[in-house]
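In: structure, please.
(2 chains)
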Amino acid sequence: MTTTMTRATGAVTLTTACLCLATAAEAGEGRIAIHVGRIVTMAGPDIEDGTIVIENGRIQSVAKGAKGSWDAEVIERPDLVAFPGWVEAHSSRGMDRANENIEVAPFLDVRDSIDPINFYFEDCLRQGVLAINVQQGNMAAIGGQGRVVKPYGLTIEDMTIRPSSGLKLVATRPGRSRALQVQSLRRAFNELRIHLEKLVQDKKDGKDTARREALFQGRDPDKEENKKGRAMEGTATWKVKDLEGVPRGQVDEKQEPLLRLVEGKMMAFVACDGAISVVQALDIARENGFLANTVLVLEGDAWKAADRIAEAGVPVVLGPTLLYVERDPITGKEVETFVPGVFREKKVRFALQSINASAQSLWFQAASCVGYGIPREEALAAATKVPAEILRLGDRLGSLEAGKDGNVLLLSGDPLAVTTTVQYVVLDGNLVYDRSKDVRVQQIIEGVEQPNAAPASTGDEELDPHSGEKKPKSGPGGKKD
Amino acid sequence: MTAALFTAVLALAAVPVQEPEARAWTIQAERVYTGTGRNMERSIVLVRGGQVSAVTANADEEKERTQDVLRVYAVTAGLVDAGVRVTNWTSVEQSNEVTPNLRVADTLDPFALDWDRLLRSGVTTVLASPLDRNVIGGLGVVLKTAGPETIAARTVKADAVLRGSMGSDPSAGNHPAFGRPTDFYSRRPTTRMGVEWEWRKAFFDTALNHNENDPGRATLVAALQGKLPIFIQAWTTQDIRTAVFLREEVQTRPEFAAAGMNKPRFVIDAAAEAWKEPQLLARSQTGVILPPFPPAGRTRENAFMAWNTAKVLKDQGVAVALSSHGSGDLEQRLSVQAGYAMAGGLTFEEALAAVTSIPAMLLGVQDRVGTIEVGKDADLVLWSGEPFQPGARVVGTIVDGVLRYEGWTAVQGATVER
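Out: You can find the predicted model right below:
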């Protein structure tokens, strides 16, 4: 408990410091000009010696030269490099818990689980990851709805970039047979169909059950917009006839998000840890009409189904292990495959995922891609533009262009160099992060323990009742005497 | 990163299973990082008879060129990892907690995949040590990661170090006697103080009791006389202090001086919290091998390793080597450890030394490996870009003049020419 308290205090301390920065930025009447030595725009060639002007939280211009303005706050840092924020296309971190113990739960929303003061978001900000698609973990068949958030803000509403970013589907659940898992997925859609058909039948029979159920769930089925019926849309291989006769407000709220998926109004992030699961996931997506809205989140040997993925035309998010190693059954030697290279060759759009929120964040993954022969521009795009487009936020995130969100990283050097650090973060036109004021950086880099700062701890410490000093917990994993 | 262009002009051997011979190579590189303070641009490294035969800045000099030419972006000496964990439970002799006479070389498998993994990440020389399950585990061996398929043929230095451990590893899993009688399966020590007591007992027994029947005695005598370095694993400040104080005790107690056994040399392996005691380590002239950098600060034994650890120690004059603990993973391999040390403040040259010449020096094999110099072993790493950046990869590894890993063709999905 003590640890939890200390952690929370530390996070609040930092957040408060950041808030002060933000307030200072807002004093510039919503206009800020950032003059740097180089702008990596991710929308055409880099600009040497350029200025980014942000007005009311949006980028107004990105141009060469110093473009001061009498009414703008100016950040004058010719020694730094400006870069759009990194975009995490899929993450199951930052939540109170990553999983709910319900197999099919499309009605859940990570909104209710995301913890704004979770260290994960603080780390993301420090690493310059400015948009994160938070999705439920893999311990379900159909998980809840995800949400794209910024790593900054005290409430989930402050953090939100896009609510309901998509449903999480899991084609391979750890510790469960593929057959059972695929059956769970198919059954979920079958149950949706049975539910809709029952609604139609009840309507024909003049039964009032669905309306009363809606009232019981606390919804108002008699509201004007809920009274309308609509024929089933989308490209699913199955249709429920006469659905237009059923007021949409009477569809069970536990099933409604799944209906939106089937009607092509919601995205699906489908986790596959093997090639076989990819094929199954694509089949299910085709049958139920959401192939065009599908993003595959891949692990393991799923890359071996790259041809099927290319044929289906869906984009992929690649798991943290980019270098796949397997043993040749005949020679016994290890064979290495660089997974992004495979997808590039097959012309499949791919986004990268961080290994962790600390030192091996998205920059590291993009750098690895360069090492294995992917052109620099494409490698950078796989952690900025491409994930932004995959999340359908390409008009707001992923590059420094006029009209996009006013998000800028100020880096100490090249975005892919191991020695580069994020010096400042401007988010929606507000300066929200200053490395020189980041107490945790001092802890991580220099080991300096700050008074009242949260320890960079794994959480397995407790206070010694005699000395009042921290001591590790006894038991497995802890330090022994 | 500058594009790297490769041309490997190879006359393929007719019989594929034959042991590849040490060729004469001409390696042309945009950057040659010799590790001797000389960084050269557009230069050539010539390899003959398994050794470096010339390092020349004059890339146009045609006369000495060999038939086989490799063109790469950068070349460094083969990396040296003094902290690999390539051994498993079969390297632990559990009949005693102190087994200084045992040779880890006798348990090593030349066909293990660990060697290939290390080779692929540019590591050419390693120290293999017994697993830290005994207090004093035995004798480590310095060997190449590739070569003929016997450990003896790959050995650079047999019986190179005496390996042991402080902290909880030697006692972890041992049965304490609480609530049950001491039986055949009880094993000591069971606490940190028990581990330390075993060390002191072994040292004092060696100095005071001339038990010539003790098979480990000769080894311990050599270690206490300073003829054999003692590598001690110690992660936390507490354990690092215990190790250094143990050495100081040996140096100052009259019993050891009388026996001429008061000059042990210590190297502390996995010294994650060494940054808390830089002066102590500098004063005692103890070498340090750091464990892989932890992303979130904490390493094993709950030790906290700050990112500037290598820099702090280096500034105090401590010899610091880095280790990946044998990992070939992209984010943990030895080359990125050097990159992380640069992120913590080391210059490129200092980081290079920490993965080549310094570990070679700590292992006493600096006359053969660790730098690119005429007459040294032709252990070379070929890079696609600036070494230690995650955006550069190992595209070739040469061990004793033999091209043992050809990274430009080995990895599916990877390309080099672009």
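
In: okay, the closest residue to residue B:291 other than its chain neighbours: pLDDT?
Out: Sequence neighbours aside, residue B:270 is the residue nearest to residue B:291 in space, at 4.3 Å (criterion: CB to CB, 6 or more residues apart in numbering or on different chains). C-beta here means a position set from N, CA and C on the backbone, and glycine is covered the same way. Residue B:270 carries a pLDDT value of 96.

In: what's around residue B:270, how many residues?
Out: 33 (other CB atoms under 10 Å in any protein chain shown).

In: please report the distance of the residue nearest to the spatial centre of chain B from residue B:381.
Out: By CA atoms, centre = their mean, chain B has its centre lying nearest to residue B:82, at 1.5 Å. Taking CB to CB, to the nearest Å as the measure, residue B:82 falls 17 Å from residue B:381.

In: following the longest helix along chain A, which helix or strand comes up?
Out: Determined from DSSP state H, the single longest helix within chain A is helix A:178-205. Sequence-wise, the next helix or strand downstream of helix A:178-205 (DSSP states H and E) is helix A:209-216.

In: phi and psi next, for residue B:263.
Out: In terms of degrees, to the nearest 10, the main-chain angles of residue B:263 are phi -130, psi 50.

In: residues contacting it?
Out: Listed by CB atoms under 8 Å, 6 or more residues apart in numbering or on different chains, the contact set of residue B:263 reads B:224, B:225, B:226, B:251.

In: what's the closest non-adjacent residue to the closest residue to chain A within the stretch 251-400 of chain B?
Out: Using CB to the nearest CB, residue B:306 is the residue of the stretch 251-400 of chain B that sits closest to chain A, at 3.3 Å. What sits nearest to residue B:306 in space, not counting adjacent residues and going by CB to CB, 6+ apart, is residue A:447, at 3.3 Å.

In: for residue A:333, see how far away the one you found is.
Out: In terms of CB to CB, residue A:447 sits 42 Å off from residue A:333.

In: the two: which is more packed in?
Out: residue A:447 (19 against 9).

In: reduced to three states, what does the residue nearest to residue B:216 when sequence neighbours are not counted come out as?
Out: Closest residue in space to residue B:216, ignoring its immediate chain neighbours: residue B:100 at 3.7 Å, by CB to CB, 6+ apart. Following DSSP: H, G, I helix; E, B strand; the rest coil, the label given to residue B:100 is coil.

In: my guess is residue B:100 contacts residue B:214, does it?
Out: No: contact between residue B:100 and residue B:214 fails when scored by CB atoms under 8 Å: they sit 9.1 Å apart.

In: higher neighbour count, those two?
Out: Legend: neighbour count by other CB under 10 Å for residue B:100 and residue B:214, higher for residue B:100 (28 against 17).

In: hmm, back to that, so who does the residue nearest to residue B:306 touch?
Out: Per CB under 8 Å, 6+ apart, neighbours of residue A:447: B:275, B:276, B:304, B:306, B:308, B:309.

In: swap in residue B:366?
Out: Going by CB under 8 Å, 6+ apart, residue B:366 touches B:357, B:360.

In: just the pLDDT for it.
Out: 97.

In: so the closest residue to residue A:214 other than its chain neighbours is in which element?
Out: What sits nearest to residue A:214 in space, not counting adjacent residues and going by CB to CB, 6+ apart, is residue A:221, at 4.1 Å. Element membership for residue A:221 (DSSP H and E) is empty, with no helix or strand holding it.

In: dihedrals phi and psi, residue A:221?
Out: Dihedral angles (degrees, to the nearest 10) for residue A:221: phi -70, psi -10.

In: could you give the number of residues near it?
Out: By other CB under 10 Å, the residues close to residue A:221 number 19.

In: got it, and residue A:327?
Out: Neighbours of residue A:327 (other CB under 10 Å): 11.

In: tell me who's in contact with it.
Out: So residue A:327 contacts A:333, A:334, A:335, B:113 (CB under 8 Å, 6+ apart).

In: farthest-apart pair in those residues, please.
Out: A:335 and B:113 (11.2 Å; CB to CB).

In: quick one, helices of chain A?
Out: Counting by DSSP H, chain A has helices at residues A:2-26, A:119-127, A:156-159, A:178-205, A:209-216, A:224-227, A:256-262, A:275-287, A:306-312, A:339-345, A:362-371, A:376-381, A:385-390, A:439-446.

In: just for the stretch 301-450 of chain A, where's the confidence low?
Out: A:449-450 (pLDDT under 70).

In: which residue is the nearest non-sequential neighbour of residue 412?
Out: No chain specified, so I'll use chain A. According to CB to CB, 6+ apart, the nearest residue to residue A:412 is residue A:421 (4.9 Å).

In: that answer is for a different chain, and I need it for chain B
Out: residue A:337 (4.2 Å).

In: tell me what that neighbour is bridged to.
Out: residue A:324, residue B:412 (DSSP bridges).

In: residue B:304 touches residue B:298, doesn't it?
Out: Yes: using CB under 8 Å, residue B:304 is in contact with residue B:298, at 5.8 Å.

In: confidence score at the residue of the stretch 151-300 of chain A found nearest chain B?
Out: Using CB to the nearest CB, the single residue of the stretch 151-300 of chain A nearest to chain B is residue A:298, 13.5 Å away. On pLDDT, residue A:298 comes in at 98.
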